[in-house]
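[1] Quick check, what structure comes out for this input:
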Amino acid sequence: MTSTSSPFADRADDRAQDSADERDSAPQSVLPLVVRIERTDPPAHTDALETAARAVLALLSDPRTTAADGEWAERVHAWQDARIRKVVRRARGSEWRRAAELPGITVTGTSTEVRVFPPVPLDGWPKELLKLQVSGTELDDPEPPARPDPLLPVLWFNPQVPMSTGKSMAQAGHGAQLAWWALADADREAWRETGFALAVRTASPERWSALTAAGLPTVRDAGFTEIAPGSCTVVADHPALRPRSGTVEGQGP
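    So this is what the prediction gives:
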């Protein structure tokens, strides 16, 4: 994942390339997320995306990450200095129980459980996670999600870039992370106190055009799986980051 946001939009191309080269040459890690999908009563698609985003925020804000001597701090900092990779795997039954015994954080949504783990080397996955399925995670929404509360942070998806549920969960996590980085400390704390309340929706084409022009944090995918490199996938529309008008104009969701 790479990103753009308004404070850095005018960065020179050569400086951006140098930064990309540095990230590529750094040791590469990945943030594992595991979603629980039982054979009966699977979670809803949108709830899975929202829960994954909240799980990433829970890890980023956890004292084990934020404290200078936190047990996850060094691993998270090293991961953030390289390419920000996230991989979503799925588990059920005994697989889920074994995964839940590893150090991490489980976040529960309306119909979803997602467990996030501190970053691991690309070739150093714990055996309990390595054998879990990663591709083909597809979920449905029983009914279309409601229009989001205008005061709620929203992770808007590009209507022209279809993705699997698993890929979309990772992208939602990227968007939440970019919003977190862009926020002032007071806004971070206020968000944390809500339990990281947020919504994930797919924008209409008109709204997407307005969002990408608004200077909000934007996910540009590195193109490792499913979609072309550089594709804009998610815009993080947090109220504290919105233009002074407080809204981003556009028709529809």
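[2] Now Val235: phi and psi?
    phi -110, psi 130 (degrees, to the nearest 10).
[3] how close does the residue lying closest to it once chain neighbours are set aside sit to Ala67?
    Spatial nearest neighbour of Val235, chain neighbours left out: Leu211 (4.2 Å); criterion: C-beta to C-beta, 6 or more residues apart in numbering. To be clear about C-beta, it is placed using only N, CA and C from the backbone, and glycine gets the same treatment. Separation of Leu211 from Ala67 (C-beta to C-beta, to the nearest Å): 35 Å.
[4] Of the two, which one has the most company?
    More neighbours surround Leu211 than the other of Leu211 and Ala67, with 23 against 11 (other C-beta atoms under 10 Å).
[5] Surely the more buried one is in contact with Asp237?
    Yes. Using C-beta atoms under 8 Å, Leu211 is in contact with Asp237, at 6.5 Å.
[6] Show the residue spans covered by the strands in the protein.
    Assigned by DSSP state E, the strands in the chain fall at 2-4, 29-36, 86-91, 105-108, 113-116, 120-121, 154-157, 199-202, 218-220, 232-237.
[7] and His77, which of those strands is closest to it?
    Among the strands of the chain, strand 29-36 comes nearest to His77, with 10.4 Å by C-beta to C-beta.
[8] Which elements pack onto that closest one?
    Contacts defined by 3 or more C-beta pairs under 8 Å, 6 or more residues apart in numbering; DSSP states H and E place strand 29-36 against helix 45-61, helix 73-81, strand 86-91, helix 93-100, strand 113-116, strand 120-121, helix 165-182.
[9] Among the ones you listed, which comes closest to Phe157?
    Closest among the helices and strands packed on strand 29-36, using C-beta to C-beta: helix 165-182, at 7.0 Å.
[10] buried stuff in that closest one?
    Neighbour counts over helix 165-182 (16 or more other C-beta atoms under 10 Å) mark 165-180, 182 as buried.
[11] next one: stretch 100-117
    For stretch 100-117, by 16+ other C-beta under 10 Å, it's Gly104, Ile105, Thr106, Val107, Gly109, Ser111, Thr112, Glu113, Val114, Arg115, Val116, Phe117.
[12] Grab the nearest non-local neighbour of the second one.
    When you say that, I think you mean Ile105. Nearest one to Ile105, counting by C-beta to C-beta, 6+ apart, is Ala58 at 5.0 Å.
[13] and the one you found, how many neighbours does it have?
    For Ala58, using other C-beta under 10 Å, the count is 20.
[14] per-residue confidence for it?
    With respect to pLDDT, Ala58 has a value of 98.
[15] who's in contact with it?
    Ile105, Val107, Val116, Phe196 (C-beta atoms under 8 Å, 6 or more residues apart in numbering).
[16] List the contacts of Leu151.
    Counting by C-beta under 8 Å, 6+ apart, Leu151 makes contact with Pro239.
[17] Distance check, it against Ala179.
    Distance from Leu151 to Ala179, by C-beta to C-beta: 15 Å.
[18] Repeat that for Gln28.
    24 Å.
[19] ok, now Arg89?
    Counting by C-beta to C-beta, the separation of Arg89 from Ala179 is 24 Å.
[20] what is the rounded mean pLDDT of stretch 194-214?
    In the prediction, stretch 194-214 has an average pLDDT of 96.
[21] Endpoint to endpoint, it covers what distance?
    25 Å (C-alpha to C-alpha, to the nearest Å).
[22] ok, residues contacting that stretch?
    46, 49-50, 53-54, 57-58, 145, 148-149, 152-160, 172, 176, 191, 218, 232, 235, 237, 242-243, 248-253.
[23] Give the PyMOL command for selecting the buried subset of the residues you listed.
    Buried subset of those, written as a PyMOL selection, criterion 16+ other C-beta under 10 Å:
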select buried, resi 46+49+50+53+54+57+58+145+148+153+154+155+156+157+158+172+176+191+218+232+235+237+242+248+250+253
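[24] residue nearest the centroid of the protein?
    Central residue of the chain (C-alpha atoms, centre = their mean): Gly173, 0.7 Å from the mean position.
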